[in-house]
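J.: Need coordinates for the following:
(one chain, ligands or ions: 3)
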Amino acid sequence: MLLPCVRSLARAVPRACSCSAHGPSPRGYSRAAPGKGLVLGVYSSEKDGTAQFTSAGDAFDRLVSGKLRALLSLCGPPLKKGKTRIFHGLHQDFPSVAVVGLGKKNAGINEQENWNEGKENIRTAVAVGCRQIQDLEIPCVEVDPCGDAQAAAEGAVLGLHEYNELKQKKKPVVTPQLHGSAEKEAWQKGVIYAEGQNLARYLMEAPANYITPIKFAEHIEQKLRSFSSVKVHIRQESWITTQEMGAFLSVAKGSAEPPIFLEIHYLGSANTDDSPLVFVGKGVTFDSGGISLKPSSGMDAMRADMGGAATVCSAIVTAAALNLPLNIIGLAPLCENMPSGKANKPGDVVRAKNGKTIQVDNTDAEGRLLLADALCYAHNFNARAIVNAATLTGAMDVALGSAATGVFTNSSWLWSHLYEASILTGDRVWRMPLFEHYTKQVTDCPLADVSNIGKYSRAGGACTAAAFLKEFVTASHWAHLDIAGVMSNKDEVPYLRKGMAGRPTRTLVEFAARLSQDSHNAK
Ligand code: BES
Ligand code: ZN
Ligand code: ZN
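T.: Numbering: from 1, shown residues only. Ligands and ions are numbered 1, 2, ... in the order given. Next comes the predicted model:
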């Protein structure tokens, strides 16, 4: 009888964990730690069905005198992509070894899927393997770089993340480390990218009574405190009033929670006068819909309606951690959208910063009101490009679901940078139209220059919202990212657990990195 996943081929000797998070216990006692876990990748074998290890897998198999290969073949058919087997007791340093399927060996860019399949396979496999080690309550895990240490680190750090801040019973903390010493820099880069996305996930997942506008701003300020290249301004309501941001204020006044306009300046370029990239993010910390109240079922998810602000601010925190050589300004109008005696009423007319009047036909189309003013303000900085992100429309979710962020842009240059970045990160983008056709549907308005909803109600809702924003843009390189569809994850992205997704933070970071390369090349 063959035993799958055989235990104790070699006797395991428990050792104290030596990673920085779980160093020697106080008073020098050797804690009864269960040692380290190890995650190793294996490609699907093309012909003979034998395991095709990565170089780390090969080395480990040699170390255990070929027992890993032998065990794997005993266990049955070759491991499919993202599937795992766990072996105990093979080596005293690694009492538990998770072997995970990486799929095809030479997987690269998949033209149909618009992503790098090899990297996606690594992220998925590593996430699955690390979670298995976590389930065994092993506090440290070493990870096979699988030929791409950045993707492996991203899989580990994204795959292990969970919001359990407010639970008494938490999942055990697991610290992933690179197995071997090659590719240290790429591993570290992957950790930083993934931690950036996890910051956005944290802010989006947290309840709205914890992440209010001021708490959001203070959290970001705290994350940026150690960087001398960053200045943070937390603008209060009086400042917003002097800026004549009437559209933003009209939403904010419905709530007892005061609004904040968060402004971040990251000066990473050698020349602090270099034109910055300007990021703008919708920061509605809770969207009840206002007087046009949303249905109560599922309304709790609207705590993540600050996903635009969370992803752009997290991207700047990440850019600072990576020391990217460019200047970035982040702008986040933050408020709640609530029904009250002071709230916007359907049919009210408000005035945006650029003087345009807006008829608020539906108070639930509030994100575009905040963004109208923030986009006007963004024009003060002689930006290389203005990129805004917003959980703007349910229609975007209807159009693309969670496959990709919808990008509406007036610049093919900007589009190609965002697109190229997304192929690498696997957090995809898809170009959407900014036709005059949609503009007509928002500018044909009875009482004001523009209505906050399209006149044919729900038809092309994501496109009419983008057309509305365009009324507040004169810059020639602007992109609006509608991230409503990618706001949360059920099981579509296998290396993210269920919950708020923090997408597309890594694509924004990669995009900024590419832009900084662009200016380097120009010099
Ligand atoms: N925050 C919502 C959009 C949203 C919906 C984000 C689902 C994430 C998931 C936005 O403020 C909104 O309510 N938009 C309305 C616009 C409509 C009234 C024109 C919508 O999409 O229904
Ligand atoms: Zn809304
Ligand atoms: Zn909203």
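J.: and the stretch 201-350 of the chain, which of its residues are near ligand 3?
T.: When proximity is defined by Cβ under 5 Å from the ion, the stretch 201-350 of the chain lies next to ligand 3 at 284, 287, 305. Every residue, glycine included, has its C-beta placed from N, CA and C.
J.: What is the neighbour count of the residue of the stretch 51-200 of the chain found nearest ligand 3?
T.: Closest approach between the stretch 51-200 of the chain and ligand 3, counting by Cβ to the ion: Ala200, at 16.5 Å. Using other Cβ atoms under 10 Å, Ala200 has 32 neighbouring residues.
J.: Please name the nearest non-neighbouring residue to it.
T.: In this structure, Ala200 finds its nearest non-sequential neighbour in Gly502, 3.4 Å apart by Cβ to Cβ, 6 or more residues apart in numbering.
J.: for the residue lying closest to Asn121 once chain neighbours are set aside, which residues make a bridge with it?
T.: Nearest residue to Asn121, sequence neighbours excluded (Cβ to Cβ, 6+ apart): Gly103, at 4.4 Å. Bridge pairing for Gly103 (DSSP bridges) gives the partners Tyr43.
J.: my guess is Gly103 contacts Ser45, does it?
T.: No. If you go by Cβ atoms under 8 Å, Gly103 and Ser45 don't touch, sitting 11.3 Å apart.
J.: Give me the domain ranges for this structure.
T.: Domain assignment of the chain by the TED database yields the ranges 37-182, 206-517.
J.: quick one, what contacts the residue of the stretch 51-200 of the chain closest to ligand 3?
T.: Shown in contact with Ala200 (Cβ atoms under 8 Å, 6 or more residues apart in numbering): 307, 310-311, 313-314, 502, 505.
J.: Swap in 7 Å and give it another go.
T.: 310-311, 314, 502, 505 (Cβ atoms under 7 Å, 6 or more residues apart in numbering).
J.: can you give me phi and psi for Cys140?
T.: Main-chain dihedrals, Cys140, degrees, to the nearest 10: phi -130, psi 140.
J.: Read off the pLDDT value for it.
T.: Looking at Cys140, its pLDDT is 96.
J.: State which helix of the chain is the longest.
T.: The single longest helix within the chain, with elements called by DSSP state H, is helix 184-205.
J.: List the buried residues for that helix?
T.: Judged by neighbour count (16 or more other Cβ atoms under 10 Å), helix 184-205 contains these buried residues: 186-205.
J.: List, one by one, the residues from this protein near ligand 2.
T.: Checking the chain against ligand 2 by Cβ under 5 Å from the ion, the hits are 287, 364, 366.
J.: Out of these, which comes closest to ligand 3?
T.: Looking across these and measuring by Cβ to the ion, the closest to ligand 3 is Asp287, at 3.7 Å.
J.: Count residues in the vicinity of the closest one, would you?
T.: Neighbours of Asp287 (other Cβ under 10 Å): 25.
J.: Pretty sure it sits against Asp305.
T.: Yes. Asp287 is within contact range of Asp305, at 4.0 Å (criterion: Cβ atoms under 7 Å).
J.: secondary structure class for the residue in the chain positioned nearest to ligand 2?
T.: Proximity to ligand 2, evaluated over the chain using Cβ to the ion, is greatest for Asp364 at 3.8 Å. Three-state assignment for Asp364 (DSSP: H, G, I helix; E, B strand; the rest coil): coil.
J.: Contact partners for it?
T.: Here Asp364 is in contact with 289-290, 292, 294 (Cβ under 7 Å, 6+ apart).
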